[in-house]
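# A structural model of the following input is requested.
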Amino acid sequence: MLKIHFSGEDILRTRVAPAANPVWEAVLSLHLLPKRTGDPLLSGWRRDVLRDLYREENIDGLRLLLALNPPRGYFPDFLTPYESMDGFEAGMEAVRRTPVSLLHRDLTLVANTRSLPADAGALARGEPDALEQLTTAMGRYRELALGPYWTHVQAAVEADRARRARTLLDGGVKGLLTGLRPGVRWDSGILEIPGYPNSRELHLEGRGLLLVPSFFCADMPVALLDPELPPVLVYPVDRLGGLASDKPEKSTTALAALLGRTRAAVLAASDDGCSTGELARRLYISPAAVSQHTTVLRNAGLLASHRDRNTVLHTLTPLGRAILNT
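Presented below is the predicted three-dimensional model:
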């Protein structure tokens, strides 16, 4: 069982991540890849990704990446840094900056349960080439395993966030936390998650808890092993009908022909309101590019932009919604 101890300050600081986390999704999808599952939502994805991986040239980097992420058991904390909240590249930069002491500790824990490829030694020593090879492999794996399906992942996470928001309004933080999984219990400031692979207690000590909704989290919430790291709990979301390679529907294609593909995507992503930073993360474009596109859409009367301190929130105008729904 996992027990997470909350103070009053921790309850105030508990929040849900603003979007799907591409680093966590990549790592957790690696855990599902070797499993022969009867889940129809993932079987086609698994088949296609394995086929594409067999064709890859950077086989050593991918072999190490797979060895570090087994279907069950411990996987290194350093692979999912807190900085990944700011996007995949920010996460990879944090991986490259991992202190040698943490690399050695995490890889020693992995090696205690299974054998690792020979190049894991260079990684444990923090050699820059080894870290670069690992992050390059992670980037390539993400392109193959997540790229064609990312809008489906995002849609599932966004739907879960909307549901959690309603749960929070109706049931408070207790309702939010106990709704993460059937059987999760809240008792006098302690969140209990039965069935956790190992018995652990996590004391938040005023740091709060970041809840990360995840498409590829299998069936059990996941917490980092190191209690000194920023507290994170990754939990599974409903997969909303599974994965299919992204193919725009007719209306989206027509809208893209009118506005341009990226501008149409900006308009669609703003359906429920979205900040400049959120649009950049969702669409994998720079904040500067988002600002250019939103300016054009705002000047055309399709978007309205509202500044709240350092954040600009973009929402559809009635004309923008009418065009999007055409």
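
# residue ranges with poor pLDDT in the stretch 1-150 of the chain?
For the stretch 1-150 of the chain, the stretches with pLDDT under 70 are 36-41, 58.

# which one's the longest helix in this protein?
Across the chain, the longest stretch assigned as helix under DSSP state H is helix 150-178.

# buried residues in that helix?
Buried residues in helix 150-178, defined by neighbour count with 16 or more other CB atoms under 10 Å: 150, 152-154, 156-158, 160-161, 164, 167-168, 173, 176-178. Every residue, glycine included, has its C-beta placed from N, CA and C.

# swap in stretch 289-303?
V290, S291, H293, T294, L297, L302, L303.

# hang on, the third one packs against A269?
Right, H293. No - here H293 does not reach A269: they are 10.4 Å apart, not a contact under CB atoms under 8 Å.

# Adding distance to L42, secondary structure and pLDDT, write the buried residues of stretch 289-303 out as TSV.
Shown next, in TSV, are those (distance: CB to CB, whole Å; DSSP: H, G, I helix; E, B strand; the rest coil; pLDDT from 0 to 100):
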residue	distance to L42	secondary structure	pLDDT
V290	32	helix	92
S291	37	helix	92
H293	33	helix	92
T294	35	helix	92
L297	36	helix	89
L302	37	coil	85
L303	36	strand	84
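
# Check whether E201 really touches K3, as I assumed.
Yes - counting by CB under 8 Å, E201 touches K3, with 4.6 Å between them.

# and those two? which has more neighbours close in?
It is K3, of E201 and K3, that has more neighbours when counted by other CB atoms under 10 Å, with 16 against 11.

# picking that back up, for R281, state which of the buried residues of helix 150-178 is nearest.
Distance to R281 across these (CB to CB) is lowest for Q154, with 9.4 Å.

# With adjacent residues omitted, what lies nearest to that closest one?
Among residues not flanking Q154 along the chain, A20 sits closest, at 5.1 Å (CB to CB, 6 or more residues apart in numbering).

# tell me what the one helix or strand A94 maps to is packed against?
Here A94 sits within helix 88-96, counting by DSSP states H and E. Judged by 3 or more CB pairs under 8 Å, 6 or more residues apart in numbering; DSSP states H and E, helix 88-96 is in contact with helix 22-32, helix 128-145.

# Can you show me the CA trace of the last one as PDB?
Listed in PDB are the C-alpha atoms of helix 128-145, where the atom choice follows Å, rounded to 0.1, in the frame of the first residue of the first chain:
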ATOM      1  CA  PRO A 128      27.800  13.300 -21.900                       C
ATOM      2  CA  ASP A 129      27.700  11.100 -25.000                       C
ATOM      3  CA  ALA A 130      25.800   8.400 -23.200                       C
ATOM      4  CA  LEU A 131      23.200  10.900 -21.900                       C
ATOM      5  CA  GLU A 132      22.900  12.400 -25.400                       C
ATOM      6  CA  GLN A 133      22.400   8.900 -26.900                       C
ATOM      7  CA  LEU A 134      19.700   8.200 -24.300                       C
ATOM      8  CA  THR A 135      17.700  11.400 -24.800                       C
ATOM      9  CA  THR A 136      18.000  11.000 -28.600                       C
ATOM     10  CA  ALA A 137      16.500   7.500 -28.300                       C
ATOM     11  CA  MET A 138      13.700   8.900 -26.100                       C
ATOM     12  CA  GLY A 139      13.000  11.600 -28.700                       C
ATOM     13  CA  ARG A 140      12.900   9.100 -31.500                       C
ATOM     14  CA  TYR A 141      10.700   6.700 -29.500                       C
ATOM     15  CA  ARG A 142       8.300   9.500 -28.800                       C
ATOM     16  CA  GLU A 143       8.000  10.400 -32.500                       C
ATOM     17  CA  LEU A 144       7.200   6.700 -33.300                       C
ATOM     18  CA  ALA A 145       5.000   5.800 -30.300                       C
END
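
# Who are the packing partners of that helix?
Where contact means 3+ CB pairs under 8 Å, 6+ apart, helix 128-145 is packed against helix 22-32, helix 40-54, helix 59-68, helix 88-96, helix 120-124.

# Comparing those, which comes out most buried?
Comparing the helices and strands packed on helix 128-145 by mean neighbour count (mean count of other CB atoms under 10 Å), helix 22-32 ranks first with a mean of 23.

# What confidence value was assigned to G195?
G195 carries a pLDDT value of 89.

# Renumber starting at 862 from here on
Happy to do that; since the first residue is 862 now, the last one works out to G1056.
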